[in-house]
Each structure stands twice: as structure tokens, then as C-alpha cells.
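S.K.: build me a structure from this.
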Amino acid sequence: MSIYVGNLSYEVTEDSLNAVFAEYGSVKRIQLPTDRETGRMRGFGFVEMGSDAEETAAIEALDGAEWMGRDLKVNKAKPKEDRGSFGGGRGSYGGRNRY
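M.R.: Numbering: from 1, shown residues only. A predicted model of the protein is given here:
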């Protein structure tokens, strides 16, 4: 399972996020998604820890904590949803009623 980390500063790096979470155990992996068009960080990320106990400790300690001028939102990541072939569940007409 992974941890969702939201409300991140756009200046955050994998190394800086790793340093924060390493205080609570071994960090296995960090993902910082970027916007496809701009290449800019999207303001959230995912952290995978070595054990469930380490994840729980990190979530309890960091949820709501201020870091880099922002209050972090830290919780268990939800499984990725299957959005289907049209993405976003809008269907082929982009959500508009044309008739």
C-alpha cells in the first residue's frame, strides 16, 4: 500500500520528501506526478514505506503538519480507478447534452 501526500509545495523534490518520510522508517519508493503539458509538479505525490507500521507512523505524524509553508494532507492512497476508454467518465460527448 502507498501513502498519498497532498498539498505539497511545487518546489518539493524526491530527495526532500524522502528525507521527511525516512524519519519514520525505510522509504521504498516516491512518485511525484507532473503535468503532461507543463512538466510542472502537480502538488501531490505517493510514498511507499517498508512496512504497514512505518506507513501508519508517518501518516499519524505528518497529516496536518506544516512543511515548506503548507499544511500536508497525508493518508493511505486509494487504489487507482479504471476510467474507461473515454477518461473521466464523460462519454463521447464530453458531458454535454446535444439533443
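
S.K.: going by C-alpha atoms from here, please, whenever you check contacts or count neighbours.
M.R.: Noted.

S.K.: what about the longest helix in the protein?
M.R.: For the chain, the longest helix by residue count, based on DSSP state H, is helix 52-62.

S.K.: which residues touch the residue lying closest to G50 once chain neighbours are set aside?
M.R.: Residue nearest to G50 in three dimensions, not counting chain neighbours: S26, with 5.2 Å by Cα to Cα, 6 or more residues apart in numbering. By Cα atoms under 8 Å, 6 or more residues apart in numbering, the contact set of S26 is 49-50, 54.

S.K.: phi, psi of S26?
M.R.: Dihedral pair for S26: phi -80, psi 130, per degrees, to the nearest 10.

S.K.: cool, F21 as well?
M.R.: phi -80, psi -20.

S.K.: likewise for N18?
M.R.: Backbone geometry at N18, expressed as degrees, to the nearest 10, gives phi -60, psi -40.

S.K.: contacting residues around it?
M.R.: By Cα under 8 Å, 6+ apart, the neighbours of N18 are 27, 30.

S.K.: what's the pLDDT at it?
M.R.: At N18, the model reports a pLDDT of 97.

S.K.: kindly format the C-alpha coordinates of stretch 69-84 as PDB.
M.R.: Provided in PDB are the C-alpha atoms of stretch 69-84 (Å, rounded to 0.1, in the frame of the first residue of the first chain):
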ATOM      1  CA  GLY A  69       4.900  26.600   4.100                       C
ATOM      2  CA  ARG A  70       2.000  24.300   3.500                       C
ATOM      3  CA  ASP A  71      -0.200  22.000   5.700                       C
ATOM      4  CA  LEU A  72       0.200  18.500   4.400                       C
ATOM      5  CA  LYS A  73      -2.600  16.100   3.700                       C
ATOM      6  CA  VAL A  74      -1.300  12.600   4.400                       C
ATOM      7  CA  ASN A  75      -3.300   9.400   4.200                       C
ATOM      8  CA  LYS A  76      -3.500   5.900   2.800                       C
ATOM      9  CA  ALA A  77      -3.600   6.100  -1.000                       C
ATOM     10  CA  LYS A  78      -6.800   4.800  -2.600                       C
ATOM     11  CA  PRO A  79      -6.500   2.300  -5.500                       C
ATOM     12  CA  LYS A  80      -6.300   3.900  -8.900                       C
ATOM     13  CA  GLU A  81      -9.800   3.900 -10.600                       C
ATOM     14  CA  ASP A  82     -10.400   2.400 -14.000                       C
ATOM     15  CA  ARG A  83     -11.600   5.400 -16.000                       C
ATOM     16  CA  GLY A  84     -12.600   3.500 -19.100                       C
END
